[in-house]
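A.B. asks: Predicted coordinates and the sequence they were generated for:
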Amino acid sequence: ENRYDKGLTKTRLSFGERLNRLLANFRSVDESFFDDLEETLIGADVGYETAMTITDELRDEVKLQNAKKPRDVQNVVVQKLIDLYNQAGQGESNTLAMADQGPTVVLFVGVNGVGKTTTIGKMANMFKQQGKKVLLAAADTFRAGAIEQLNEWAKRDGVDIVKKPEKSDPSAVVFDAVKKAKAENYDILFVDTAGRLQNKANLMNELAKMKRVITREIPAAPHEVLIVLDATTGQNALNQTKLFKETTDVSGIVLTKLDGTARGGIVLAIRNEMHLPVKYVGLGEKVDDLRPFDSDDFVHGLFK
Ligand code: GDP
């Protein structure tokens with residue numbers, strides 16, 4: 001069983017099966033086949049450039065390998081998708097960068113509603129299951145209910161949380177959390193941040209201040225700044241990434257709500273266009289609906 005099974009149903013139905021149908025009717029390498037393929041790829045949100053690249057390379061490859069059977073052509077498509085993803089991210093790691101010693105600090109950024117708090121809740125559970133001592137910092141002091149929501153996750157996961165009243169200075173929350181993480185030997189500190197984008201300068205200042213507070217206590221931290229993106233927002237997610245990349249040093253992506261979209265190809269587009277590794281994907285609302293991202297498994301999951 002593929003570990004993305006549940007979350008990829010919609011993409012598989014629209015993209016994988018459409019491709020399978022296309023391939024089932026494959027008789028010879030003619031232009032209409034490649035046109036259809038390009039359209040199918042664009043429809044899955046792999047991005048225009050990516051769709052063109054794949055189609056062009058596939059055209060050559062199919063000739064080169066003298067592929068005649070649909071199955072052969074499908075194998076070439078699958079391999080192309082995997083290669084493309086892996087090439088775009090050469091040298092980047094799909095796993096979370098961990099501190100050599102002391103607490104690993106991970107900052108989560110992203111606009112409201114993308115699933116930031118939920119992702120932290122899921123990740124806290126995941127790392128706790130792995131035997132880590134996890135601390136959460138409720139530094140989204142701006143969105144009404146965010147602190148309470150994170151607090152609920154902390155209770156459910158059985159992990160500790162540092163929080164202050166709404167509208168407190170986020171950096172003050174982070175300060176307390178980092179101090180606590182160091183003093184009490186936590187393995188991981190996950191920091192939730194506010195996702196208001198109305199004022200880019202404010203956001204930039206706030207994130208910079210939080211980072212300063214963290215770095216003062218732990219020079220190598222934050223070890224990761226993960227941007228959380230909602231896969232159902234398609235190209236919007238790409239724009240958000242651009243904006244946050246201009247605002248702070250983003251090190252990786254968590255792509256949520258893949259279960260809610262037929263355009264799972266967005267994973268490939270994001271990697272290609274943003275040069276950031278997708279580290280985790282969200283496949284539902286429940287605590288265990290989060291998976292580390294693996295390009296091989298993911299692409300194979302589209303076509304099973
Ligand atoms: P935040 O504002 O970024 O902190 O977003 P929340 O964590 O509050 O999530 C917003 C909504 O998205 C909630 O209803 C979550 O249950 C839902 N959500 C988060 N991740 C996923 C996912 O992977 N799949 C689905 N279907 N829903 C998700």
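C.D. replies: The structure has been received and is ready for your questions.

A.B. asks: From Glu273, how far off is Thr241?
C.D. replies: 8 Å (C-beta to C-beta, to the nearest Å). Heads up, the C-betas are built off the backbone N, CA and C, glycines and all.

A.B. asks: Compare those two and say which one has the larger neighbour count.
C.D. replies: Using other C-beta atoms under 10 Å, the more surrounded residue of Thr241 and Glu273 is Thr241, with 20 against 16.

A.B. asks: Skip the chain neighbours and tell me the closest residue to that one.
C.D. replies: Met274 (4.9 Å; C-beta to C-beta, 6 or more residues apart in numbering).

A.B. asks: same deal with Glu57?
C.D. replies: Lys80 (5.9 Å).

A.B. asks: Asp56 is in contact with that neighbour, correct?
C.D. replies: No - at 10.1 Å, Lys80 and Asp56 do not qualify as touching, with contact defined as C-beta atoms under 8 Å.

A.B. asks: okay, those two: which has more neighbours?
C.D. replies: Neighbours were tallied for Lys80 and for Asp56 using other C-beta under 10 Å; the higher tally belongs to Lys80 (17 against 12).

A.B. asks: Three-state assignment for the more buried one, please.
C.D. replies: Under DSSP: H, G, I helix; E, B strand; the rest coil, the three-state class of Lys80 is helix.

A.B. asks: what pLDDT does it get?
C.D. replies: Predicted confidence (pLDDT) for Lys80: 82.

A.B. asks: which residues touch it?
C.D. replies: 54, 57-58, 61 (C-beta atoms under 8 Å, 6 or more residues apart in numbering).

A.B. asks: Just among those residues, which is most surrounded?
C.D. replies: Going by other C-beta under 10 Å, Ile54 tops those with 24 neighbours.

A.B. asks: Name the residues of stretch 183-198 that are buried.
C.D. replies: 186-195 (16 or more other C-beta atoms under 10 Å).

A.B. asks: likewise stretch 135-146?
C.D. replies: So stretch 135-146, judged by 16+ other C-beta under 10 Å, has buried residues 135-143, 146.

A.B. asks: Could you give the bridge partners of the residue of the stretch 151-300 of the chain found nearest the ligand?
C.D. replies: Nearest residue of the stretch 151-300 of the chain to the ligand: Gly282, at 2.6 Å (C-beta to the nearest ligand atom). Counting by DSSP bridges, Gly282 is bridged to Leu290.

A.B. asks: Looks like it contacts Leu255 (just checking).
C.D. replies: Yes - assessed by C-beta under 8 Å, Gly282 is found in contact with Leu255 at 6.9 Å.

A.B. asks: Spell out which parts of the stretch 51-200 of the chain neighbour the ligand.
C.D. replies: Contact residues, the stretch 51-200 of the chain versus the ligand (C-beta under 6 Å from any ligand atom): 110, 112-118, 195.

A.B. asks: try it again with 8 Å
C.D. replies: 110-122, 140, 143, 146, 149, 192, 195 (C-beta under 8 Å from any ligand atom).

A.B. asks: Make sure Leu107 is indeed in a strand.
C.D. replies: Yes - counting by three-state DSSP, Leu107 is part of a strand.

A.B. asks: what's near enough to touch it?
C.D. replies: Leu107 neighbours (C-beta under 8 Å, 6+ apart): 191, 193, 207, 210-211, 214, 222, 224-226.

A.B. asks: Do a quick rundown of the strands in the stretch 51-200 of the chain.
C.D. replies: Taking DSSP state E, counting those that start in this stretch, the strands of the stretch 51-200 of the chain run over residues 104-109, 134-139, 160-162, 188-193.

A.B. asks: With distance to Gly7 and mean pLDDT added, can I get those strands in CSV?
C.D. replies: CSV is the format used below for the strands of the stretch 51-200 of the chain (distance: least, C-beta to C-beta, whole Å; pLDDT from 0 to 100):
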stretch, distance to Gly7, mean pLDDT
strand 104-109, 20, 97
strand 134-139, 24, 98
strand 160-162, 27, 98
strand 188-193, 22, 97
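
A.B. asks: Glu285: how many residues sit nearby?
C.D. replies: Residues near Glu285, counting by other C-beta under 10 Å, number 13.

A.B. asks: quick revisit: which residues touch the residue of the stretch 151-300 of the chain closest to the ligand?
C.D. replies: 7, 115, 118-119, 122, 254-259, 289-290.

A.B. asks: try it again with 6 Å
C.D. replies: 115, 256-257, 290 (C-beta atoms under 6 Å, 6 or more residues apart in numbering).

A.B. asks: Quick one: the helices in the stretch 51-200 of the chain, in order.
C.D. replies: In the stretch 51-200 of the chain, the helices defined using DSSP state H, counting those that start in this stretch lie at 70-88, 116-129, 146-157, 170-183, 200-217.
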